[in-house]
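1. requesting a structural model of the entry that follows:
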Amino acid sequence: NNMSAIALLSPRSDDQALAWRNTGPVSLATFLREVGQVAERLPERPFVFNLCSDRYHFLVTFCAALLRGQTNLLPPNHAGRTVAQLHAAHPAAYAVTDQPMNVAGLEILPYPALPSGGRSTGEIPLIAATHIAAITFTSGSTGQSMPHLKTWGSLATEATLTASRLGLETGLHFLGTVPPQHMYGLESTLMLPLHNGGVIHSGQPLFPAD
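-> A predicted model of the protein is given here:
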């Protein structure tokens, strides 16, 4: 059935901006190429702690993991103790981060400095709807962090439904103050623009006025 696989993002032209970084806009073609390059560098594991602070780095790592059939683990914070606890529950996991970090026993890969040039096929990949794309965790302030499993199908469908309910036009720019590791941040600053022709800003200002 047509729900068996869902595109990574809604179609847009190759040269249309998908993200905005301090260096300027990132086209769809560049994004797909970088996702492919990062996917090739990821180890063969079921889980990855996606600890990137830059929203664009997070997005590329998130999508690269999906291409490799992996699940993004999204801790409520980046404290070493939190990550160590979650690692104990997911011993086969490794981490990708764009900040210096060290957690005993956890393999941590720096977000790769990507070679420029090279072309992707330009094809927007399809991801199985039933694939567990992300596991988010509650803050654990009342004890153990509780996991919440999100399938790719549910994330993509929620994004499409939210866009239509809010009456969002395509081509909007999304600026988020909430981290992409939080469920709300993932849904509103990444999934919503990905599936509604929007443009993602890589930054995370403290207040909207910033």
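
2. what is the neighbour count of residue 104?
-> For residue 104, the count of nearby residues is 7 (other Cβ atoms under 10 Å). In short, each C-beta sits where N, CA and C put it, glycine included.

3. just residue 90 next, same as before
-> Neighbours of residue 90 (other Cβ under 10 Å): 18.

4. how about the strands in the chain?
-> For the chain, the strands defined by DSSP state E cover 5-7, 17-21, 24-27, 47-50, 71-74, 94-97, 108-110, 126-128, 132-137, 147-151, 173-174, 199-201.

5. mean neighbour count and mean pLDDT for those - can I get that in a markdown table?
-> Converted to a markdown table, those look like this (neighbours: other Cβ atoms under 10 Å; pLDDT from 0 to 100):
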| stretch | mean neighbour count | mean pLDDT |
| --- | --- | --- |
| strand 5-7 | 16 | 96 |
| strand 17-21 | 20 | 96 |
| strand 24-27 | 14 | 95 |
| strand 47-50 | 24 | 98 |
| strand 71-74 | 24 | 98 |
| strand 94-97 | 22 | 97 |
| strand 108-110 | 14 | 96 |
| strand 126-128 | 16 | 97 |
| strand 132-137 | 21 | 96 |
| strand 147-151 | 15 | 95 |
| strand 173-174 | 16 | 95 |
| strand 199-201 | 21 | 97 |
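
6. turn the ones you listed into CSV, including distance to residue 80.
-> What follows is those, written out as CSV (distance: least, Cβ to Cβ, whole Å):
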stretch, distance to residue 80
strand 5-7, 35
strand 17-21, 28
strand 24-27, 31
strand 47-50, 12
strand 71-74, 15
strand 94-97, 11
strand 108-110, 11
strand 126-128, 31
strand 132-137, 15
strand 147-151, 19
strand 173-174, 30
strand 199-201, 28
